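Peer 1: Okay, sequence plus prediction incoming.
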Amino acid sequence: MKRWRHLLIAIAAVPAIALYAVICMFLADYMTGLHWLLDSLFYLIAGLAWLYPAGFVVSWLARHEA
């Protein structure tokens with residue numbers, strides 16, 4: 001079975017995304033309302049922060065695909 005990595009990512013992705021969302025909501029409680037610029041920066045960073053781990057996972061899957 002060569003595609004065990006896909007199953008592993010499919011099972012691990014749901015709790016990881018849920019944990020990321022909970023952390024972002026917890027931090028948003030403290031950040032939101034301080035200043036509009038800080039709000040904008042926080043939501044920009046929180047919205048894009050998942051790209052690095054997702055890119056790592058996709059490259060890991062692609063590297064072992066062949």
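Peer 2: Received it, and whenever you're ready, just let me know what you need.
Peer 1: and W60, what pLDDT?
Peer 2: Per-residue pLDDT puts W60 at 86.
Peer 1: And the residue nearest to it when sequence neighbours are not counted, how close does it get to I11?
Peer 2: Take W60 and drop its neighbours on the chain: the residue closest to it by CB to CB, 6 or more residues apart in numbering is R5, 7.4 Å away. Placement of C-beta: from N, CA and C, glycine included. Using CB to CB, to the nearest Å, we find R5 at a distance of 11 Å from I11.
Peer 1: helices and strands around the top helix by length along the chain, which ones?
Peer 2: Counting residues, the longest helix found in the chain (DSSP state H) is helix 4-31. Secondary-structure packing of helix 4-31 (3 or more CB pairs under 8 Å, 6 or more residues apart in numbering; DSSP states H and E): helix 36-48, helix 51-63.
Peer 1: Now do the first one: distance to the chain's middle.
Peer 2: Going by CA atoms, centre = their mean, to the nearest Å, the spacing between the C-alpha centre of helix 36-48 and its chain's C-alpha centre is 15 Å.
Peer 1: Give me the contact list for it.
Peer 2: For helix 36-48, the external contacting residues (CB atoms under 8 Å, 6 or more residues apart in numbering) are C24, L27, A28, M31, T32, G33.
Peer 1: Buried ones in it, by neighbour count?
Peer 2: For helix 36-48, burial by neighbour count (16 or more other CB atoms under 10 Å) applies to F42, A46.
Peer 1: same question, the last one
Peer 2: Along helix 51-63, the positions that meet the burial threshold by neighbour count (16+ other CB under 10 Å) are V57.
Peer 1: and the angle for that helix with helix 4-31?
Peer 2: 180 degrees (axes from the mean of the first three to the mean of the last three CA atoms, to 10 degrees).
Peer 1: Which other helices and strands does helix 51-63 contact?
Peer 2: Using 3+ CB pairs under 8 Å, 6+ apart, helix 51-63 sits against helix 4-31.
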